[in-house]
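>>> coords please:
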Amino acid sequence: MSTIFDVAKEAGVSPATVSRVINNNMVVSERKRKLVFDAIQKTGYEMPQPKPRSKKGKVVLLLTTTISISLIEEFESVTASAGLGFLVLYLNDKQYPQTELFDVIFSMHKSNLIYGVVFEGLTKELSQETIDLLNHYPSAQLGTDYNLKNSCTVFINIFQAAYDAAIHLLGRSNQRIVLFKTYTDQPKSSIDRMIINGVRSAFADTGKDIDQLLLIEADGTAEGIKEAVEMLESASSPMPDGFLCFEELSAFGCITKLQQLGYNIPEEIAVIALIEIKWFSNLSSPGISRIEYPEDKIAAEAIGFIRAFNEGESASGKTIYVEHKLVISNSTSSVE
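As a prediction, the model looks like this:
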């Protein structure tokens, strides 16, 4: 039976490096990591089964740039039921800029406090040193697209959600539709592709002219969308009659600017959002048509994966879809 020393000799690295790769407890370069795994395969070395990570005193971190109180409450409930703590790191330049974020996580890492990580709504890049540090732990990504080793994705089927939203707009006889791309400088390239492909498929399935789909770049905030609408109104003739935004706040910014420009919603222009924001849904006027998703199931699936991974029962790379529902409101239809 081969040993760790046989693997080290075959890989041309030290036994300590092999141990680090096996236990994933220190940052090792991708080149050396590959050498070690290739050597493990060649020598037939049997990797030890991971020991269950104790939950006592551990916390799950939520890294986010959005404020979703209802989602946070669901995670607090699920983690409490599992005997875990829960800590939100709200990432902005004032509270947790990149250097301070790394320091906070590194301090918790040294104190052996982290049980797992959840990424939600992140609209900024994370530094490589932060990614390397977080790779020590299992993680669940809610609509983000970071390249992490021990991670799963828990979210709605964003392709199908975009398809359903576009079908609704096209079914209203909307002809010229704007799709706001709001993550051009952020780590969401595959999310963007799924949204665009979903909308394009809706055009194809309804026989609509794909040239009438306009992809407009904006920063995703309500103010950013307002600026994009204003520029579009001054440069576009005729004005598009359908707008598809990523989430409700940006849709609200879109509606506000369109109304300021004198357009009637939804008679002249319809607006729909891909992602619901629970606390906002009942505040906007007119009500915004949107894709609704179950936050309780997202929290349960995310924490379920993290627990299973720590107990050696689940592999990374999974995609877990939760169901979504198209909610029709006054921004696309005259609702009684």
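>>> Check which helices and strands the longest helix belonging to the chain is in contact with.
When the chain is parsed with DSSP state H, its longest helix is helix 189-206. Applying 3 or more C-beta pairs under 8 Å, 6 or more residues apart in numbering; DSSP states H and E, one finds that helix 189-206 contacts helix 158-171, strand 177-181, strand 213-217. Using the backbone N, CA and C atoms, a C-beta is placed for each residue, glycine as well.
>>> Could you dump these into JSON lines with mean pLDDT added?
Output for the helices and strands packed on helix 189-206, formatted as JSON lines (pLDDT from 0 to 100):
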{"stretch": "helix 158-171", "mean pLDDT": "95"}
{"stretch": "strand 177-181", "mean pLDDT": "87"}
{"stretch": "strand 213-217", "mean pLDDT": "88"}
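>>> Let me know which of these is tucked in deepest.
strand 177-181 (a mean of 23; mean count of other C-beta atoms under 10 Å).
>>> Where does pLDDT dip in the stretch 101-250 of the chain?
The model of the stretch 101-250 of the chain has pLDDT under 70 over residues 122-124, 182-189, 220, 236.
>>> if you set the cut-off to 90 instead, what comes out?
101-107, 110-111, 120-132, 142-149, 172-175, 180-194, 215-228, 230-239, 246-250 (pLDDT under 90).
>>> circling back to that earlier point, just put the helices and strands packed on helix 189-206 in a markdown table and tack on distance to Thr319.
Listed next are these as a markdown table, based on distance: least, C-beta to C-beta, whole Å:
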| stretch | distance to Thr319 |
| --- | --- |
| helix 158-171 | 11 |
| strand 177-181 | 22 |
| strand 213-217 | 25 |
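>>> Of all the ones you listed, which one comes closest to Ser237?
strand 213-217 (12.5 Å; C-beta to C-beta).
>>> Return the distance of the next helix or strand after that closest one from the chain's centre.
Moving toward the C-terminus from strand 213-217, the next helix or strand (DSSP states H and E) is helix 222-235. Between the mean C-alpha location of helix 222-235 and the chain-wide mean there is a distance of 25 Å, by C-alpha atoms, centre = their mean, to the nearest Å.
>>> give me phi/psi at Glu74?
Dihedral pair for Glu74: phi -60, psi -40, per degrees, to the nearest 10.
>>> and it, how many neighbours?
21 (other C-beta atoms under 10 Å).
>>> Next, the contact list for it, please.
Glu295, Asp296, Ile298, Ala299 (C-beta atoms under 8 Å, 6 or more residues apart in numbering).
>>> returning to that earlier point: nearest to Pro266, out of the helices and strands packed on helix 189-206?
Relative to Pro266, the nearest member of the helices and strands packed on helix 189-206 by C-beta to C-beta is helix 158-171, separated by 9.8 Å.
>>> Contacts made by that closest one with the rest, please.
Contacts of helix 158-171 (C-beta under 8 Å, 6+ apart): 143, 177, 191, 194-199, 201-203, 205-206, 208, 242, 244, 270, 272-274, 289, 291, 324, 326, 328, 332.
>>> Check stretch 2-12 too.
Contacting residues not belonging to stretch 2-12 are listed as 14-15, 17-19, 22, 32, 35-36, 38-40, 42-45 [C-beta under 8 Å, 6+ apart].
>>> Buried by neighbour count: which residues of that stretch qualify?
Of the residues in stretch 2-12, Ile4, Asp6, Val7, Ala8, Glu10, Ala11 count as buried by neighbour count, 16 or more other C-beta atoms under 10 Å.
>>> Least confident of these?
Lowest pLDDT of those: Ile4, 77.
>>> count of residues packed around the nearest residue to Ile328 once chain neighbours are set aside?
Nearest non-adjacent residue to Ile328, counting by C-beta to C-beta, 6 or more residues apart in numbering: Ser289, 5.2 Å away. Here the number of neighbours of Ser289 (other C-beta under 10 Å) works out to 24.
>>> Repeat that for Asn147.
Counted with other C-beta under 10 Å, Asn147 comes out at 8.
>>> With Gly83 instead?
The burial count for Gly83: 12, using other C-beta under 10 Å.
>>> Provide the secondary structure category for it.
Secondary structure assignment for Gly83 (DSSP: H, G, I helix; E, B strand; the rest coil): coil.
>>> now Leu63
Classification of Leu63 by three-state DSSP places it in strand.
>>> what's near enough to touch it?
Leu89, Leu91, Val117, Val118, Phe119, Glu120, Leu122, Leu126.
>>> before we move on, what about Asp38?
Asp38 neighbours (C-beta under 8 Å, 6+ apart): Ala11.
>>> Determine how far the host helix or strand of it lies from the middle of the whole chain.
Using DSSP H and E, the element containing Asp38 is helix 30-43. The chain centre lies 31 Å from the centre of helix 30-43; the measure is C-alpha atoms, centre = their mean.
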